[in-house]
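Chemist: Requesting a structural model of the entry that follows:
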Amino acid sequence: MAQTYTFQLRGDPEEKFKQVQELARGRGVSLSGDSTAATFAGRIKGSYTRSGNTVTVVVTDKFLLASWSGIESTIREWLES
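Modeler: This is a model prediction of the structure:
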C-alpha cells in the first residue's frame, strides 16, 4: 500500500535537491529527476513532486522492516531541516 506525505520545503529548492540527493545516495537510494519531480528507488521506492515550497512524496514500496513513521520522519528531516 502506498503512502503519501506532504512537506514544506525550507531553503532553496535546487540546493535542497542536491543535499537530499547526497543523503539518499548515502542510504542506497537513487534519485532520477530534478528539484520539481523525480522518482527514487532503493530500500524504498516512489516519487515526489514540488510546487513552490510544497513537496508531495509518494512512497510506493518499502523493505519489510521499515516503518511508515520512520520513513516519514527521515524524509521530513531531510526536507524541512
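
Chemist: Let me know whether Gly46 touches Ala2 as I believe.
Modeler: Yes. Using CB atoms under 8 Å, Gly46 is in contact with Ala2, at 7.3 Å. Quick note: C-beta positions are derived from backbone N, CA and C, even for glycine.

Chemist: Looking only at neighbour counts, state which of these two leads.
Modeler: Neighbour comparison, Gly46 and Ala2: the larger count goes to Gly46, with 21 against 11 (by other CB atoms under 10 Å).

Chemist: returning to what we had before: name the residues contacting each of Gly46 and Ala2.
Modeler: Applying CB atoms under 8 Å, 6 or more residues apart in numbering, one finds that Gly46 and Ala2 are jointly contacted by 58-60.

Chemist: Which of these fall within strands?
Modeler: Residues of these located in strands (DSSP state E): 58-60.

Chemist: so what's Ala66 up against?
Modeler: Here Ala66 is in contact with 43-44 (CB under 8 Å, 6+ apart).
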